[in-house]
Every structure is written in C-alpha cells, then in structure tokens.
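Participant: can't give you the sequence, but here's the structure:
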C-alpha cells in the first residue's frame, strides 16, 4: 500500500512541474470551480480561495490537483450531489463540502469516486452530506484526515460517512466520523486498510463490512455507536489494537462476527459494551491479548463455530465473561485471565492449579428470560452460580480453561487520545 501511495505522489509531483496553475476566487477570471475544471488541462493545479461556492454536480473528469485555501465551502444547496471524480490521478485537498440533497432513490454523496484509480481525498470537511465519501469500482486511493459530520436521525433516511462498494487497495486513515447511519461501510472491498479513525455517535455501526477479504483494521476508536463493528461473510481479516467503547443498547455489541473465516482478533480493548463480541458461524479465528472490561457479556458464542482459539485474553469485571449455547467441539479456551477466578497457585508458576469454568448458570437463565437480569445482585443468583461451579449442568462439556492465569496480562494496547483522529476545526 505504501508503495502505491508513493507512486501516486511521484506522479502528481512530476505532472505539477509540467502543468499550469489556476486560481479560483470571486474576483478571478474563474469564479466557479466548475469553470476552472472545464478550462484546465490534465495535470493542472486548481487553487480555490476561501468563500462560498454554491454549485453542485461538479464532475472532475481530468487528472487534476485541487487545493483549497482556508476551506472554501462548496455548497450543494440541499439539491444534489456535490463532487464526482471520474478520472485517474485526482487529488482533492482542503475543502468544505456541505448540504447534499437527501434522496430515497439514489445515494447522493459529498464526494463520489467512480471507476477511478490513484486518488487522494485529504484534509476535507464534509458537513450534512447524506453520504460523505462514496467509492464505487475505485482502486489505489487514500482517504485521510477528513472530518465528516452528518445529521442522521433515522436509519432509513440517512447515509454512510465513508462508503466503499466493489473497491480495492484503499487506505482510510485518521478520519473523524459521526452522525451517519454507518461510520465506515465496506461491501466487496479487498486488500484495504482502515487505520487510526475515530467513528462515534453513528446510528447503526461504527464500521460495517461484508464480503470483503484480506483487509486490516488497526488502532481505530469505535465509541457510542448503535453498535460498534459488524463483520459478515468475509475472510482473512486482521483486527488489531482497536477500541470498542460504550456501545450500549438492547441489541448493541462491540463486535459482531458472522460467517468469518481465518481471522486474527488481537490486542483490542472492549469496555462498557452491552456485548463485547458476539460470534456466530465462524471458524479458524484467533482471539489473543484482548481485554474485556466492564461489559455486560464479554463474549457470546453461538452455534457453528469451530477451530477457534481464545487465549491470552483478560476478562475483568464483566457481568458475564462467556456464554456458549453449543458444544465446545474443537474450540480452544485455555490460558486466559479471569477476574472472578478464585483458586490457588501452590507451585507459583502463575497458572491456577484448578481449571476455571467461565460459564455462570445465571447467564443461561438470562439468555432464556432476559427479564431475569433484575435479579442479578441477589443472593439467589449467587447460590445459582455457586451450584453450577460445584456441579456444572448447563455448561457445555469440556468448556474449561485448564490453565487460568493468576494475574492479568499486560496489554500491548496503547490508549490512543481522543484527538488522535481529529483536527482543529
């Protein structure tokens, strides 16, 4: 990916040395952005001064560099899409795109990239744009340091902040996203990276992707969304060093995995979620070095899961650490730290001498009758859980951590400051 971006920069720099520069401002010969695009030749640079430009349906069909001074406002007046990129080697930097018209018939966007390659969309503000940045059949691009703020009220009448469809080799880094249906949405997107983004206060998901393979998601913050991240029908995924925080609600979770294969879920932090991870129909997934802290359920594993490894994780002060409604099979649960493990370590090797059963009887009761959660802190529930610990009845046979750690693991995870994906606007 870095090699591709380096190539883009070299091409742009070379073309600039051969190209003309155009100035766009109220007093200039070109007072509208669409006029300058029409007059320019491929490889030219357009510099747009600050101010309000009320024009929509701007089509960039040439290889151009567009730069804004002090965030010129390109306003669609609530009537149309604003900018559509259809040419390769386009760079769009430093604009405020605003007021895209909502539509139930078409997915209008602030910036659309359509069948184009080698593009850069960087350091822009997108305000009230329905869909923010929309890629379709796009390749080899960078979407970086953008601020995207929507005004979504209900899912059916709102769009996604960054939306990719049938695209590949795209890098999405250091963006701040809020107020949309989904923060980031992938469908049929391969060999792409999502890094250091902050996605918060979106109606449905902070990140939602399906049918997307060989992708990496690293050091992102998903906070206070309807649900954190949903991953469906994909393979060869790496989720590392992400934060899933305060995704609360009756059906909310930090991370939903459905029909996922050959993935790594490593060194992530799940805190204050209704459900840390919900897993269904997934195989060959490694869950390692994750921390589950103060969640309702840390992990809930449904049927159809096989050859998964859950090891080296911290389960700390969750209401329920683990719920599993199927046979353990060839899933592996050893070598984790459980804060409610109460036993001894006589040989002082750091591993408990007695296996730990992480499933509480009351979690089974709540799964069957959610209203029973009202009894959570009662003495009756303590007796239920103790009876299950002494004589397991509802725990799937073999569901034990044979090597529970006495002390929590030190997590390689770093706490990324809230402003790590933000700009001073």
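Facilitator: Right, received. Where do you want to start? On a predicted model such as this, the values are computed, not experimentally measured, just so you know.

Participant: from what I can see residue 102 touches residue 157, true?
Facilitator: Yes - with contact defined as CB atoms under 8 Å, residue 102 reaches residue 157; the gap is 6.5 Å. Where you see a C-beta, it was placed from the backbone N, CA and C, and this is true even at glycine.

Participant: mind listing the strands for the stretch 251-400 of the chain?
Facilitator: 255-266, 269-271, 275-280, 283-288, 291-293, 297-301, 309-311, 314-316, 320-324, 337-338 (DSSP state E, counting those that start in this stretch).

Participant: With mean pLDDT, mean neighbour count and distance to residue 217 added, can I get those strands in JSON lines?
Facilitator: Formatted as JSON lines, the strands of the stretch 251-400 of the chain follow (pLDDT from 0 to 100; neighbours: other CB atoms under 10 Å; distance: least, CB to CB, whole Å):
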{"stretch": "strand 255-266", "mean pLDDT": "97", "mean neighbour count": "21", "distance to residue 217": "10"}
{"stretch": "strand 269-271", "mean pLDDT": "97", "mean neighbour count": "23", "distance to residue 217": "13"}
{"stretch": "strand 275-280", "mean pLDDT": "95", "mean neighbour count": "24", "distance to residue 217": "14"}
{"stretch": "strand 283-288", "mean pLDDT": "96", "mean neighbour count": "19", "distance to residue 217": "14"}
{"stretch": "strand 291-293", "mean pLDDT": "97", "mean neighbour count": "22", "distance to residue 217": "17"}
{"stretch": "strand 297-301", "mean pLDDT": "92", "mean neighbour count": "24", "distance to residue 217": "19"}
{"stretch": "strand 309-311", "mean pLDDT": "95", "mean neighbour count": "19", "distance to residue 217": "19"}
{"stretch": "strand 314-316", "mean pLDDT": "97", "mean neighbour count": "23", "distance to residue 217": "20"}
{"stretch": "strand 320-324", "mean pLDDT": "87", "mean neighbour count": "23", "distance to residue 217": "24"}
{"stretch": "strand 337-338", "mean pLDDT": "96", "mean neighbour count": "22", "distance to residue 217": "25"}
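
Participant: and of those strands, who's closest to residue 43?
Facilitator: Among those, strand 255-266 comes nearest to residue 43, with 42.0 Å by CB to CB.

Participant: what's the angle between that closest one and strand 283-288?
Facilitator: 70 degrees (axes from the mean of the first three to the mean of the last three CA atoms, to 10 degrees).

Participant: what's strand 255-266 packed up against?
Facilitator: The contact analysis (3 or more CB pairs under 8 Å, 6 or more residues apart in numbering; DSSP states H and E) places strand 255-266 against strand 227-235, strand 237-240, strand 275-280, strand 283-288.

Participant: Can you say which of these is nearest to residue 253?
Facilitator: Closest among the helices and strands packed on strand 255-266, using CB to CB: strand 275-280, at 3.9 Å.

Participant: just the angle between the closest one and strand 320-324, please?
Facilitator: Going by the same axes, to 10 degrees, strand 275-280 makes 10 degrees with strand 320-324.

Participant: Pairing partners for strand 275-280, with directions?
Facilitator: Strand pairing for strand 275-280, using DSSP bridges, gives strand 255-266 (parallel), strand 297-301 (parallel).

Participant: Which among these is found nearest to residue 137?
Facilitator: Across the strands paired with strand 275-280, closest to residue 137 is strand 255-266 (CB to CB), at 24.7 Å.

Participant: just the angle between the closest one and strand 227-235, please?
Facilitator: Calculated by the same axes, to 10 degrees, strand 255-266 forms an angle of 70 degrees with strand 227-235.

Participant: who's in contact with strand 255-266?
Facilitator: For strand 255-266, the surrounding residues in contact (CB atoms under 8 Å, 6 or more residues apart in numbering) are 227-241, 244, 268, 270, 276-290.

Participant: Name the SS class of residue 81, please.
Facilitator: coil (DSSP: H, G, I helix; E, B strand; the rest coil).

Participant: Now do the residue nearest to it when sequence neighbours are not counted against residue 221, distance only.
Facilitator: Here the nearest residue to residue 81 in space, its sequence neighbours aside, is residue 108; by CB to CB, 6 or more residues apart in numbering that works out to 4.4 Å. As judged by CB to CB, to the nearest Å, residue 108 and residue 221 stand 28 Å apart.

Participant: Likewise for residue 165?
Facilitator: Residue 165 is 24 Å from residue 221, by CB to CB.

Participant: who's more crowded, these two?
Facilitator: Counted by other CB atoms under 10 Å, residue 165 and residue 221 do not tie: residue 221 has more neighbours, with 23 against 15.

Participant: Could you check how far residue 338 is from residue 316?
Facilitator: In terms of CB to CB, residue 338 sits 8 Å off from residue 316.

Participant: ok so, going back, using TSV, lay out the helices and strands packed on strand 255-266 together with distance to residue 187.
Facilitator: Below are those laid out as TSV (distance: least, CB to CB, whole Å):
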stretch	distance to residue 187
strand 227-235	10
strand 237-240	14
strand 275-280	19
strand 283-288	21
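
Participant: and of those strands, who's closest to residue 252?
Facilitator: strand 227-235 (4.8 Å).

Participant: and the closest one, what does it pack onto?
Facilitator: Strand 227-235 packs on strand 205-210, strand 237-240, strand 255-266, going by 3+ CB pairs under 8 Å, 6+ apart.

Participant: same thing but at 6 Å, please
Facilitator: strand 205-210, strand 255-266 (3 or more CB pairs under 6 Å, 6 or more residues apart in numbering; DSSP states H and E).

Participant: okay, and for this protein, where does confidence drop off?
Facilitator: 1-18, 250-251, 326, 360-398, 412-425 (pLDDT under 70).

Participant: any chance you could map the helices in it?
Facilitator: Taking DSSP state H as the criterion, the chain contains helices spanning 2-17, 33-39, 361-368, 379-390.

Participant: Adding distance to residue 24, write the helices and strands packed on strand 227-235 out as CSV.
Facilitator: Shown next, in CSV, are these (distance: least, CB to CB, whole Å):
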stretch, distance to residue 24
strand 205-210, 36
strand 255-266, 45
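
Participant: so which of the ones you listed comes closest to residue 118?
Facilitator: Here strand 205-210 is closest among the helices and strands packed on strand 227-235 (CB to CB), at 23.0 Å.
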